[in-house]
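Asks: please find the sequence and the predicted model below.
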There are 2 protein chains.
Amino acid sequence: MNENIEIIAGGICAVSDVKANGVRSGKYGLTIISFPKSNVAGVFTTNKIVAAPVIHTKEIIKNNKISAIVANSGNANCFTGNNGLNDCQEMIKSTSFGLNITEDEIAIASTGVIGRKMPMDIINELIKENIPKLENSNEASINSAKAIMTTDTFYKEFAVEIKLNNGEKVKIGAICKGVGMIAPNMATLLCFIATDAKIEDEQALKNSLKIAVNKSLNMLVVDGDESTNDEVLLIATGKVNVLNDNVIDSNFQEGLNFLAVSLAKMMATDGEGATKFLEVTVTGASTEEDAKLVSKSVISSSLVKTAVFGEDPNWGRIVCAMGYSGADFNPDNVSISISAGETGVYLVKNSEILGFQGTENLLKAEEIMKNDEIKIYIDLHLGNEKATAFGCDLSYDYVKINAEYTS
Amino acid sequence: MNENIEIIAGGICAVSDVKANGVRSGKYGLTIISFPKSNVAGVFTTNKIVAAPVIHTKEIIKNNKISAIVANSGNANCFTGNNGLNDCQEMIKSTSFGLNITEDEIAIASTGVIGRKMPMDIINELIKENIPKLENSNEASINSAKAIMTTDTFYKEFAVEIKLNNGEKVKIGAICKGVGMIAPNMATLLCFIATDAKIEDEQALKNSLKIAVNKSLNMLVVDGDESTNDEVLLIATGKVNVLNDNVIDSNFQEGLNFLAVSLAKMMATDGEGATKFLEVTVTGASTEEDAKLVSKSVISSSLVKTAVFGEDPNWGRIVCAMGYSGADFNPDNVSISISAGETGVYLVKNSEILGFQGTENLLKAEEIMKNDEIKIYIDLHLGNEKATAFGCDLSYDYVKINAEYTS
């Protein structure tokens, strides 16, 4: 890890200007994050079916300034037509009134079942209940992270302090909820990140977020079903300047990347039914795009995922998934190794098979597969580009969680 | 069904010039199909990692004439380098000697574990044992179909007799093995089709096969992992002319399509761990490509597949999978219905939700989901193009089959 990045406590409230809290009522939860008017950037689902709160928030952040985020769990407010947009408006009205801010400063997000009317009486009650409780504390961050959970099995928050190149310090804090399904109708990913950095240039803020998301949340695969509600927001409260000649401080960017990757890893670990965390790193690719194609293809493969669940170092399935990735590589010169902790072993080296049945390498690989965190390394021996994807195994419990619910 | 197409007995031996048989020894099986020198066309895996027999057969069929097909199960002969190509040569030599035909008339195929040396002593023995047993009988077709099985739970053969537009009759017969994994390292699909039709024009034969495969085997999804060994061969023995001015008789094409779709449905039904057959038909698309994108996206979705396993008419997951398909459609005007047998019900009509909780439609849908064969219909209300995809649910047994094996 970069010596200029330090993991700190506090979650999203590690940033001193941020107040937050979350409350729940039965299967519904409600989180509010409030802060002085801040610059904002967002990354949203590319699904053609887009939930009402995503439609709304995309519009709102065009102003480039918000001062609150309201998010509910339990209902996705998706495929709900004009009613859905009206319900968004009502959520915003309640929050605007309670926080005494204008409606165009409020971003919203939802996670939960698709195609059901929002229970606005409950949501409005939760907003009213939540507003007086907002505060800047680690407990408040934890409550916020808990209130957006669906089938997540643990709350997710993370924060870092970064020493900039000029010696000044800046913080980034976040909460997120992962790839569980609420009732469950979908995998929904919500992620809210705050920093006390000053990044007033809209494009610079957006680029910075995109770079981080492309290395982390966009490299995360649980079941390959892309949600209608994915929403990642980064707000910058503007205390510490991190722009020099419109270029973002490199340490800041690394810190943001590190935070986003840490959140992605938490979500992979908590993937539905997951018993093992899986990381696939591809090096030696001609292009970054090829490295991403190969790593995502391998981490998405049902056959690789079930092999990992079965603790089987089945490199044949890895080779097969590489082959249909669409990436450019030379089948006669690839290397594949797996590792856990400090132990690693080659299964294929320069396309020579070292992991035949009965070999020491295969026996060592079988031992490695018993660990909870498995890393697969693939070297394409073509160039210098690389990428890492994050995921998990495919277990009986994934099927159980997603089959045993009746709408 | 077209009144000019009749389902007949005999499998690949329904074509009178075809002799076949299959034998097994432990986990290895060997099938030989022999016939008078015939025109041939093939469709192969597009995986970048290609098994040695596929590399070989692609070359062989460039001559446009073969008189035998040899296929083994138990070992994929894939990622086996020059050894693998040598083993192909040895299989061909044994067959050439036994059948007294030249080596360049023999196509080969393999299905099984990736990255293991072929057990050539066993394979050569099986070839020797099999050759004297070749005959034209339904039993021989069944033996052939059985010897290429891997985790398939039943053998697969199909045959039709077609009345051409000029009143003449022509037959098509086939055997195939489906989307099971041998030991299991991969899903391998092998399909051998014979007809007594005369189609000497190389391109016409290839096009005819492609049309059929694009409507059937290329619309089949079990787990989305594309094999390194997929091989479909169509041989035409040349008895009955089906070409008029180089245009294939329309009834012949329909018969070939029907046969290929019937085989695809068998494979979907026998998908690993499958408890239910699933068919997704998309109509009203602007382009056939869009219809295919939507149907394949829905049938591939782990969330839709687990919902079907759980007998849950979860249309929200269908909408979600449509949304990330990449196809063009208007979210404000789609219809979704499901059916089984003669019973059907709308869940969404012109984007109005009819399948809300507690509605009669949803109750009816829940009853429908209890059947073994579920059909989902999606109307995009944009144009006249359509497509149908074939698949199955995702069950505990899929995970079991693919996790509980150790290489």
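Replies: Thanks, I have the structure now. Residues are numbered from 1 along each chain as shown, chains lettered A, B, ... in the order given.

Asks: please enumerate the strands of the stretch 51-200 of chain A.
Replies: Per DSSP state E, counting those that start in this stretch, the stretch 51-200 of chain A carries strands over the ranges A:65-75, A:106-113, A:156-163, A:169-177, A:190-198.

Asks: of all these, which lies closest to chain B?
Replies: Evaluated over the strands of the stretch 51-200 of chain A, closeness to chain B peaks at strand A:106-113, with 6.6 Å, by C-beta to the nearest C-beta. (Each C-beta comes from the backbone N, C-alpha and C, glycine too.)

Asks: that closest one and chain B, any residue contact?
Replies: Yes - Strand A:106-113 is in contact with chain B by C-beta under 8 Å from any C-beta of the partner chain, via A:Val113.

Asks: also stretch A:303-320?
Replies: Yes - Stretch A:303-320 reaches chain B (C-beta under 8 Å from any C-beta) through A:303, A:306-307, A:309-317, A:319-320.

Asks: could I get the contacting residues of A:Asn330?
Replies: Applying C-beta atoms under 8 Å, 6 or more residues apart in numbering or on different chains, we find A:Asn330 in contact with A:Leu380, A:His381, A:Leu382.

Asks: hang on, it in a helix?
Replies: No - A:Asn330 is assigned coil when assessed by DSSP: H, G, I helix; E, B strand; the rest coil, not a helix.

Asks: distance of it relative to A:Lys292?
Replies: Using C-beta to C-beta, to the nearest Å, A:Asn330 is found at 18 Å from A:Lys292.

Asks: same question, A:Ile376
Replies: 15 Å.

Asks: which one in chain A is furthest away from the centre?
Replies: Residue farthest from the centre of chain A, counting by C-alpha atoms, centre = their mean, is A:Gly358 at 39.8 Å.

Asks: A strand includes that residue, no?
Replies: No - counting by three-state DSSP, A:Gly358 is located in no strand; its state is coil.

Asks: from the stretch 101-250 of chain A, which residue is nearest to chain B?
Replies: Closest point on the stretch 101-250 of chain A to chain B, by C-beta to the nearest C-beta, is A:Ile114, at 3.3 Å.

Asks: may I ask which helix or strand encompasses the closest residue to that residue other than its chain neighbours?
Replies: Among residues not flanking A:Ile114 along the chain, B:Gly316 sits closest, at 3.3 Å (C-beta to C-beta, 6 or more residues apart in numbering or on different chains). Using DSSP states H and E, B:Gly316 maps to helix B:315-323.

Asks: you'd agree A:Thr237 is up against A:Ile199?
Replies: No - with contacts counted by C-beta atoms under 8 Å, A:Thr237 stays clear of A:Ile199, the gap being 10.0 Å.

Asks: higher neighbour count, these two?
Replies: More neighbours surround A:Ile199 than the other of A:Thr237 and A:Ile199, with 28 against 21 (other C-beta atoms under 10 Å in any protein chain shown).

Asks: for that one, give me the backbone phi and psi.
Replies: Here is the backbone geometry of A:Ile199 (degrees, to the nearest 10): phi -140, psi 90.

Asks: contacts only, for it.
Replies: A:Ile199 touches A:Asn39, A:Leu205, A:Ser208, A:Ala236, A:Gly238, A:Val242, A:Leu243, A:Ile248, counting by C-beta under 8 Å, 6+ apart.

Asks: mind putting these in CSV, distance to chain B included?
Replies: Shown next, in CSV, are the contacts of A:Ile199 (distance: C-beta to the nearest C-beta, whole Å):
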residue, distance to chain B
A:Asn39, 30
A:Leu205, 27
A:Ser208, 26
A:Ala236, 30
A:Gly238, 36
A:Val242, 34
A:Leu243, 35
A:Ile248, 31
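
Asks: out of the residues you listed, which end up buried?
Replies: Listed as buried from the contacts of A:Ile199 are A:Asn39, A:Leu205, A:Ser208, A:Ala236, A:Gly238, A:Val242, A:Leu243, A:Ile248; burial here means 16 or more other C-beta atoms under 10 Å in any protein chain shown.

Asks: the last one: what's its closest spatial neighbour, skipping adjacent residues?
Replies: Once its chain neighbours are removed from consideration, A:Ile248 has its nearest residue in A:Ser208; the separation is 5.2 Å (C-beta to C-beta, 6+ apart).

Asks: next one: the first one
Replies: Excluding its sequence neighbours, the residue lying closest to A:Asn39 (C-beta to C-beta, 6+ apart) is A:Ala236, at 4.6 Å.

Asks: quick one: secondary structure of the one you found?
Replies: strand.
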